[in-house]
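**Q** need the 3D shape of this:
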Amino acid sequence: MREILRTTEITNLSDQDIPPMFREVVERGWSVTAAGGRVLTDLRPETSGTYVDRLAEETTINGRGMTDYDLPATPGERTPLLVRRCLAYVCACLRKAQEEFRDTQVKAYVSLSFADTEEALLTSNVTFCTPLPDVRPYIPNLEAVTDAAVAEISLEDCSACGTRTMIR
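**A** Sure, this is the predicted structure:
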């Protein structure tokens, strides 16, 4: 993931980098579940489910594959666009979380991997969770992941991207 981020232009991210459906998710903001989970309001299921712990609730509700059907198949063109989409969405959501919860505890996780299809296109998944002292980390040994490129992103990391997020 470090190499992908190093070679991708990630400055000046804006709302225009976020697909419309995901912009709507950002606009609707965050809410708290009965169990105390911090979840994106627009992603909450109509009926509440049963989860092992708050981490499972947050990552299950907040996790989504990033829209990529409209991106070129060529890796050199696809990768930077997909990464920009993910990072713009992540930074917009983390800013909204900070506004809602008045802290920067929510973390984002972006994973990139190749689809198990004939084309083997690069795809991505984004989720959010709040690390808790009494619950195992979402990805316990992030540096040891070998089947995907994964990054943990905090709101502080977003300042390096020079985002111009207008969603309020």
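**Q** and the helices in this structure?
**A** Ranges of helices in the chain, per DSSP state H, are 2-7, 20-28, 54-62, 75-101, 155-158.
**Q** now find how far off-centre the shortest one is within its chain.
**A** When C-alpha coordinates are averaged (C-alpha atoms, centre = their mean, to the nearest Å), helix 155-158 and its chain have centres 12 Å apart.
**Q** and the second one, by the same measure?
**A** Distance of helix 20-28 from the chain centroid (C-alpha atoms, centre = their mean) equals 13 Å.
**Q** show me the contacts for whatever residue is furthest in space from the centre of the chain.
**A** In the chain, residue 118 marks the outermost C-alpha relative to the chain mean, sitting 26.0 Å out by C-alpha atoms, centre = their mean. Listed by C-beta atoms under 8 Å, 6 or more residues apart in numbering, residue 118 has no contact partners. Every residue, glycine included, has its C-beta placed from N, CA and C.
**Q** that one and residue 92, how far apart?
**A** Distance, residue 118 to residue 92, using C-beta to C-beta, to the nearest Å: 34 Å.
**Q** repeat that for residue 106.
**A** Taking C-beta to C-beta, one finds residue 106 at 12 Å from residue 92.
**Q** okay, those two: which has more neighbours?
**A** Neighbour comparison, residue 106 and residue 92: the larger count goes to residue 92, with 26 against 23 (by other C-beta atoms under 10 Å).
**Q** hmm, back to that, what's the pLDDT at the residue farthest from the centre of the chain?
**A** pLDDT for residue 118: 87.
**Q** circling back to that earlier point, could I get the helices of the chain as TSV with mean pLDDT?
**A** TSV is the format used below for those (pLDDT from 0 to 100):
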stretch	mean pLDDT
helix 2-7	80
helix 20-28	97
helix 54-62	96
helix 75-101	96
helix 155-158	93
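**Q** let me know which of those is the nearest to residue 42.
**A** Ranking the helices of the chain by proximity to residue 42 (C-beta to C-beta) places helix 20-28 first, at 4.1 Å.
**Q** quick check: angle from the closest one to helix 75-101?
**A** 20 degrees (axes from the mean of the first three to the mean of the last three C-alpha atoms, to 10 degrees).
**Q** residue 9 versus residue 99, what's the distance?
**A** On the measure of C-beta to C-beta, residue 99 and residue 9 end up 27 Å apart.
**Q** cool, and residue 2?
**A** The gap separating residue 2 from residue 9 is 15 Å, by C-beta to C-beta.
**Q** tell me the bridge partners for the residue nearest in space to the middle of the chain.
**A** Nearest residue to the geometric centre of the chain (C-alpha atoms, centre = their mean): residue 126, 3.2 Å. Per DSSP bridges, the residues bridged to residue 126 are residue 64, residue 110.
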